[in-house]
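In: let's see this in three dimensions:
(one chain, ligands or ions: 1)
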Amino acid sequence: KEKIEISKEQKALTKLIVEAYNQHQIPQDVAKKLLQEQYSAEENFLLLTEMATNQVQVIVEFTKNIPGFLSLDHEDQIALLKGSAVEAMFLRSAQVFSKKMPNQHSGVLEERIRKSGISEEFITPMFNFYKSIGELQMVQEEQALLTAITILTPDRPYVKDQGAVERLQEPMLDVLRKLCTLQHPQEPQYFARLLGRLTELRTLTHYHAEMLTSWRMNDHKFTPLLCEIWDVQ
Ligand SMILES: COc1ccc(-c2nc3ccccc3n2[C@H](C(=O)Nc2c(C)cccc2C)C2CCCCC2)c(OC)c1
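Out: Predicted coordinates:
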């Protein structure tokens with residue numbers, strides 16, 4: 001059994017990514033808010049657009065802390081952010097949904113989300129994803145690195161220098177693979193399962209524009225930033 005060694009540099013990279021991830025996080029208050037009371041479809045839609053708009057800003061700040069990101073071609077930086085914003089939002093939602101909370105709270109939260117105004121057909125794929133993320137019981141290092149790896153996906157639309165993005169993503173994949181082996185020694189396939197979630201995430205994001213336009217209410221208003229990021233309006 002070869003001894004897995006995480007180098008000094010890899011420890012420093014992980015620390016930096018986790019710090020950036022925790023520093024730029026929306027407080028969990030959306031779950032608390034949803035647990036406190038039942039909102040109308042209109043109020044929930046407004047909350048969703050506020051959360052999503054805020055999350056885009058959070059992701060931009062997080063990404064700026066990824067070593068080398070700011071040295072990428074500027075248009076490629078935008079292409080990476082634009083191409084990963086929806087995935088980052090669902091990944092964040094899945095992590096919030098999977099946070100340890102008393103059983104009846106997670107039951108209420110699930111119910112509030114089911115009744116939020118989202119149309120029925122999207123609920124199953126969304127919760128399937130959330131539960132598959134929850135089953136992994138990721139530690140914060142894995143969550144932070146997985147988010148960075150998602151953002152640094154070389155084959156996003158309009159990325160010109162994919163090689164430069166690969167060179168940033170690879171060190172993240174290397175340290176995540178080692179961390180998974182150390183964190184889950186009894187599960188050699190854990191790292192592969194983790195990356196498999198990113199594939200499930202991409203399929204979920206196919207529906208996101210329709211999820212929004214089919215929200216059970218009339219006249220869906222989006223912020224200009226969301227029109228940019230979501231394929232709506
Ligand atoms: C595109 O359609 C979506 C996207 C996300 C959710 C979603 N899944 C969640 C899981 C746990 C907690 C809250 C959850 N959200 C919303 C939320 O705010 N997601 C969120 C965002 C957006 C940014 C940062 C962080 C988060 C959590 C609540 C918005 C207000 C109505 C209820 C869902 C969703 O639910 C129907 C539909």
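In: for the chain, which residues are neighbours of the ligand?
Out: Proximity of the chain to the ligand, by Cβ under 6 Å from any ligand atom, involves residues 26, 30-31, 34, 44, 47-48, 51-52, 55, 89, 92-93, 96-97, 113, 116, 118, 208, 211-212. For the C-beta atoms, the positions are set from N, CA and C on the backbone; glycine is no exception.
In: write the ChimeraX selection for whichever of these are buried.
Out: In ChimeraX syntax, the buried subset of the residues of the chain next to the ligand is picked out as below (16 or more other Cβ atoms under 10 Å):
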select :30,31,34,44,48,51,52,55,89,92,93,96,97,113,116,118,208,211,212
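In: and the residues of the chain next to the ligand, which of them are in helices?
Out: 30-31, 34, 44, 47-48, 51-52, 55, 89, 92-93, 96-97, 113, 208, 211-212 (DSSP state H).
In: quick one: distance of the helix or strand bottoming out on mean pLDDT in the chain to the chain centre.
Out: When each helix and strand of the chain is scored by mean pLDDT, DSSP states H and E, helix 29-36 comes last, with a mean of 88. Distance of helix 29-36 from its chain centroid, counting by Cα atoms, centre = their mean, to the nearest Å, is 19 Å.
In: put the alpha carbons of stretch 198-211 into PDB.
Out: What follows is stretch 198-211 as a C-alpha-only set of coordinates in PDB (Å, rounded to 0.1, in the frame of the first residue of the first chain):
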ATOM      1  CA  LEU A 198     -20.200  16.800 -11.300                       C
ATOM      2  CA  THR A 199     -21.700  14.900 -14.200                       C
ATOM      3  CA  GLU A 200     -25.000  14.700 -12.400                       C
ATOM      4  CA  LEU A 201     -24.700  18.400 -11.700                       C
ATOM      5  CA  ARG A 202     -24.300  19.300 -15.400                       C
ATOM      6  CA  THR A 203     -27.500  17.400 -16.200                       C
ATOM      7  CA  LEU A 204     -29.400  19.200 -13.500                       C
ATOM      8  CA  THR A 205     -28.300  22.600 -14.800                       C
ATOM      9  CA  HIS A 206     -29.900  21.800 -18.200                       C
ATOM     10  CA  TYR A 207     -33.300  22.400 -16.500                       C
ATOM     11  CA  HIS A 208     -32.500  25.600 -14.600                       C
ATOM     12  CA  ALA A 209     -33.800  28.200 -17.100                       C
ATOM     13  CA  GLU A 210     -37.100  26.200 -17.300                       C
ATOM     14  CA  MET A 211     -37.200  25.800 -13.500                       C
END
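In: which positions in that stretch come out as buried?
Out: 201, 204-205, 207-208, 211.
In: what does stretch 62-72 contact?
Out: 13, 16-17, 19-21, 23-24, 77, 80-81, 147-148, 151-152, 161, 164-165, 167-168 (Cβ atoms under 8 Å, 6 or more residues apart in numbering).
In: how about 7 Å then?
Out: Contact with stretch 62-72 is made by 13, 16-17, 20-21, 24, 77, 81, 148, 151-152, 164-165, 168, as judged by Cβ atoms under 7 Å, 6 or more residues apart in numbering.
In: ranges for the helices of this protein?
Out: In the chain, the segments counted as helices under DSSP H are 8-23, 29-36, 41-64, 74-97, 103-114, 123-136, 140-151, 162-183, 190-206, 208-213, 224-229.
In: which of the ones you listed sits most buried?
Out: For the helices of the chain, average neighbour numbers computed from mean count of other Cβ atoms under 10 Å are highest in helix 140-151, which has a mean of 22.
In: kind regards, and thank you for your time.
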